[in-house]
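Trainee: Return atomic coordinates for the entry below.
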Amino acid sequence: MFQDRYFWEDSNVKPNDYRLDMTAKIKLPEAKLLIGGVEAIYTNALTLIGAQRKQGKSNLIAILAAVMLGQKSFGVVERGNDHVDNAVWFDTEQSTFFQRVVVQRIYNICNIREDYDTSVINLDYYGLSGVSYEKRLRIINDVVEQKHPALVIIDQIGDLVGDPNDATASYNLFEMLAAMWRKRNGLSIIATLHDNPGGEKARGHLGTLLEHKAAQKFNIIRGDNGIFTVINQFSRSSNAPNWNFRFDSYGNLEHIDQKEVATIQIQPREIIPTGDPISFSKVLDNFIKVCQISKVQRPNARLRLSQLLHDWELEDIITKRDNKYSLNT
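Mentor: As a prediction, the model looks like this:
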């Protein structure tokens, strides 16, 4: 798989094959997704997804894969012009049970029954937990050679090297990925990798290399309120806007818009000042201003605020008396 000879020992190298021809018609690389109208997941490119541990990387990939492989959008995430007709997913960490959970979440977004084989969405899912990294590399290489996928997902690419600080192993791994692009034009690769503790930089020499080579990087953060926030850290084109999702009451993934996020994250003191009690109308004015809600959406804002105030009353955060509200000290 990896060649140990120097490149200049290859007598088949023809330099003119690599010379840029400005007279040739070159097709603009297409994207497999649109996020808030901005192109994402480019062809012939790597997309890196980073986060601290247990922040929702696999859930994020499940959403992206579901939109690319299915016919439905997920909030601001929509299919791009380059449709995916064949995808492979390599999971190096999770047990079979949790692999099935990930696929079930994809099925839920796509409205597919849970007992169907993954071929129904043109996906092959491989669990490589407990396999040596050398064998993982061989399996990935062989599957890509046989399947010729349009999308390759590697959920924890750090497990494909013995040491993420090994510069040679990291470079060889990237060369394997680049060889995939050369053999299959239009291929997109999505890989997850842990960030350094407390930071947003991908871990080890491998992380540094992949950040330099990737066309895009997305970071994901899970808040204390259970809301996941996806941030496009960098891109070779325009950065996609931040977006959010969460688990619903049934454990399924659902999109949550920015206005609802603002509602959930708002603090009582931001709309109910200390001092004399204020009317619902005044609280609503403050709520609309803080959450940046347009005036035409005032009726919906009233409903959301009413529920929020009700919850705060039950939690003994505020008091309602004579249709006026005050903060409890």
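
Trainee: From now on I want contacts and neighbour counts done on CA atoms only, so please keep to that.
Mentor: Noted.

Trainee: Strands of the stretch 51-200 of the chain, start to end?
Mentor: When assigned using DSSP state E, counting those that start in this stretch, the strands of the stretch 51-200 of the chain occupy the ranges 77-79, 87-91, 123-127, 151-155, 188-194.

Trainee: Need those in TSV (columns: mean neighbour count, mean pLDDT and distance to Lys57).
Mentor: Output for those, formatted as TSV (neighbours: other C-alpha atoms under 10 Å; pLDDT from 0 to 100; distance: least, C-alpha to C-alpha, whole Å):
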stretch	mean neighbour count	mean pLDDT	distance to Lys57
strand 77-79	23	95	16
strand 87-91	22	97	12
strand 123-127	18	97	16
strand 151-155	23	97	8
strand 188-194	24	95	7
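
Trainee: how about the ones you listed, which one is nearest Ala167?
Mentor: Between Ala167 and the strands of the stretch 51-200 of the chain, the tightest spacing by C-alpha to C-alpha is seen for strand 188-194, at 16.0 Å.

Trainee: residues in contact with that closest one?
Mentor: Counting by C-alpha atoms under 8 Å, 6 or more residues apart in numbering, strand 188-194 makes contact with 41-53, 57, 150-158, 181, 202-203, 207, all of which sit outside it.

Trainee: still on that earlier bit, nearest to Phe228, of the strands of the stretch 51-200 of the chain?
Mentor: strand 77-79 (14.5 Å).

Trainee: Can you spell out which helices and strands pack onto the closest one?
Mentor: Applying 3 or more C-alpha pairs under 8 Å, 6 or more residues apart in numbering; DSSP states H and E, one finds that strand 77-79 contacts strand 31-35, helix 57-69.

Trainee: Tabulate those (TSV), appending mean pLDDT.
Mentor: Listed next are the helices and strands packed on strand 77-79 as TSV, based on pLDDT from 0 to 100:
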stretch	mean pLDDT
strand 31-35	94
helix 57-69	96
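
Trainee: Can you say which of these is nearest to Arg222?
Mentor: For Arg222, the closest of these is helix 57-69, at 9.9 Å, according to C-alpha to C-alpha.

Trainee: Now do the closest one: which elements does it pack against?
Mentor: Applying 3+ C-alpha pairs under 8 Å, 6+ apart, we find helix 57-69 packed against strand 31-35, strand 45-51, strand 77-79, helix 96-110.
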